[in-house]
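Novice: Structure, please.
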Amino acid sequence: MNNLCVVILAAGRGTRMYSDIPKVLHPIGNKPMLTHVIDTAQTLQPTLISVVVGFGREMVIDKVNRPVQWVEQTEQLGTGHAMQCAMPTLPENGITLILYGDVPLIDKTSLQELIDVASECKLAILTDIVDNPTGYGRIIRCDKQKIIGIVEEKDANNQQKQIKEINTGIIAVDNQHLANYLKKLNNNNAQQEYYLTDIIELAVQNGIEVKSVTVKEHYLVAGVNNKLQLAELTRIYQQNLAKELMLSGVSINDPARFDLRGTLNHGKDVIIDVDTIFEGKCTLGNRVKIGAFCVLKNVTIADDVEIKPFSHLENCTIGANSQIGPFSRLRPDAVLAENTHIGNFVEIKKSFIGNGSKVNHLTYIGDTHIGQNTNIGAGTVTCNYDGVNKFKTEIGDEVRIGSGTLLVAPVKVGNRATTGAGSVITKNCPAEKLTISRVRQNTIDNWVRPEKDK
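Specialist: Residues are numbered from 1 along each chain as shown. Next up is the predicted model:
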């Protein structure tokens, strides 16, 4: 469709969200609902996407980083009024697809089918058939099953309320007809609003046959009005992502406890345990195992790596055949070569860990370069920060750092050097040598320990 325009209505506050954040900015999979809708609309390759905003306009524009045309609705007087605000941005000819910023899971397939039908008949609506239509506008058909109008819940009589075919609000319409019908809207209804759905009856009166496309899944057209509905759609969204990954070969131990908030590229025979969160752009190699309750954000992990439970990794790179965790934290710019071991309660930030090196217990490594086959003893701390400046620690190959060592940067430890346990290292340690820095141990014979009065 060379002359397709999309208008997304996103001006509502969403009072039932009980939030200062505009409703369309509440996230699904760490992406605002409105952004989901815009991204789907862009797959249709329209010539224009206009987004109608109202409440929190500046916040919406700031948070949604997409190339769209913003239209302001200063007063929220209904969907028809919102389209009246957007109409000046549309060309005279072509078809306009009308979407909603709080209907985040609408899919390209349904929309393309709707557009194709509208190209033939000038106006097509997307409908759904539900067991409980309460709260929705009903599709009114004549005896020959042709659509003759839509009646909103508050304006429907008892007979009309029994109809189970509902209006989703998603419409594709010829621009010339749309402009004509919008001029004729009125607010003579229970809500005293300008209903966009009234254009259906106007089209019928004008001799236009209105056709419909029925959506394949209810969730595709489900709107969000409160946090409960947001959570329900989020879980559907996550289960769909999990299904795609499993069909492409990933083993997910429990799809109901999987959470992807970005993109996940993967190799073969990847295993993901329960309650792991992926954020940003994550890449997993072949035969990677991710333990339970891990958080991974913007990570690149090579083949045959195991991330054990409760580990947090962010903006880091891990080489092949490495083991991380449990309870490890890798912060930004941590780069691990192949065959490395990072163990429990170890934090690494802005550091390189060489091939075969191990940092296994209760340790902080920051602003550090560690060579190959080096072992860092338990309780080691690189003292890299003086409150203003960061300083670098350099540890060579095949070094043995004794437990409880404090390395006061800037400092260098040469190849095959050893530090004694409990040392405070403030000067460079020469290669092949043992360096110990301890105070002399004394015992006070006549010392009396103070006690509280009984």
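Novice: Pull out the buried positions in stretch 185-203.
Specialist: Residues of stretch 185-203 classed as buried by neighbour count (16 or more other CB atoms under 10 Å): 185, 193, 194, 195, 196, 197, 198, 199, 200, 201, 202, 203. Glycine gets a C-beta too; all of them are placed from N, C-alpha and C.
Novice: Now do the SS call for the second one.
Specialist: Pointing back at residue 193 there. Classification of residue 193 by DSSP: H, G, I helix; E, B strand; the rest coil places it in coil.
Novice: Which residue, other than its chain neighbours, is closest to it?
Specialist: residue 78 (3.1 Å; CB to CB, 6 or more residues apart in numbering).
Novice: which two from the buried residues of stretch 185-203 end up farthest apart in space?
Specialist: 193 and 203 (19.4 Å; CB to CB).
Novice: tell me the secondary structure for the residue located most distally from the centre of the chain?
Specialist: No residue in the chain has its C-alpha farther from the mean C-alpha position than residue 446, which lies at 64.7 Å (CA atoms, centre = their mean). Secondary structure state of residue 446, per three-state DSSP, is coil.
Novice: List the contacts of residue 37.
Specialist: For residue 37, the contacting residues are 8, 10, 99, 100, 101, 103, 104, 106, taking CB atoms under 8 Å, 6 or more residues apart in numbering as the criterion.
Novice: rerun at 10 Å
Specialist: Neighbour list for residue 37: 6, 8-10, 24, 49, 51, 64, 66, 99-106 [criterion: CB atoms under 10 Å, 6 or more residues apart in numbering].
Novice: What of residue 43?
Specialist: Contact partners of residue 43, counting by CB under 10 Å, 6+ apart, are 107, 108, 111, 112.
Novice: same check, this time on residue 426
Specialist: Going by CB under 10 Å, 6+ apart, the list of residues near residue 426 reads 383, 406, 407, 408, 409, 411, 437.
Novice: Go ahead and confirm the first one touches residue 392.
Specialist: Looking back up the chat, that one is residue 383. No. Applying CB atoms under 10 Å as the test, residue 383 and residue 392 come out as separate, 11.6 Å apart.
Novice: Need the overlap of contacts for the two.
Specialist: The contact lists of residue 383 and residue 392 share 366, 409, 411, where a contact means CB under 10 Å, 6+ apart.
Novice: and residue 334, how far is that from residue 407?
Specialist: When CB to CB, to the nearest Å is the yardstick, residue 334 and residue 407 sit 17 Å from each other.
Novice: Residue 209 too?
Specialist: Using CB to CB, we find residue 209 at a distance of 80 Å from residue 407.
Novice: burial of residue 179, as a residue count?
Specialist: Burial of residue 179, expressed as a neighbour count using other CB atoms under 10 Å, amounts to 17.
Novice: Return the residues in contact with the residue lying closest to it once chain neighbours are set aside.
Specialist: For residue 179, ignoring the flanking residues on the chain, the nearest one in space by CB to CB, 6+ apart is residue 87 at 5.9 Å. For residue 87, the set of contacting residues under the criterion of CB under 10 Å, 6+ apart consists of 7, 50, 71, 96, 175, 178, 179, 182, 183.
Novice: will you turn these into TSV that also has distance to residue 319, secondary structure and pLDDT?
Specialist: Written out in TSV, the entries for the contacts of residue 87 read as follows (distance: CB to CB, whole Å; DSSP: H, G, I helix; E, B strand; the rest coil; pLDDT from 0 to 100):
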residue	distance to residue 319	secondary structure	pLDDT
7	49	strand	98
50	48	strand	98
71	50	strand	97
96	52	strand	97
175	57	helix	95
178	58	helix	96
179	61	helix	95
182	61	helix	95
183	66	helix	94
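Novice: now these: which count as buried?
Specialist: Buried residues within the contacts of residue 87, defined by neighbour count using 16+ other CB under 10 Å: 7, 50, 71, 96, 175, 178, 179, 182.
Novice: Kindly state the beta-bridge partners for the second one.
Specialist: Beta-bridge pairing for residue 50 (DSSP bridges): residue 7, residue 69.
Novice: Would you enumerate the residues in contact with it?
Specialist: Taking CB under 10 Å, 6+ apart as the definition of contact, the neighbours of residue 50 are 5-9, 68-71, 83, 85-90, 96.
Novice: Just the buried residues out of those, in PyMOL syntax.
Specialist: Command for PyMOL, covering only those of the contacts of residue 50 found buried under the criterion 16+ other CB under 10 Å:
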select buried, resi 5+6+7+8+9+68+71+83+85+86+87+89+90+96
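Novice: so how many other residues sit close to residue 135?
Specialist: Under the criterion other CB under 10 Å, the count of neighbours that residue 135 has is 10.
Novice: which one of the buried ones among the contacts of residue 87 sits closest to residue 130?
Specialist: Within those, proximity to residue 130 (CB to CB) peaks at residue 7, which comes in at 25.2 Å.
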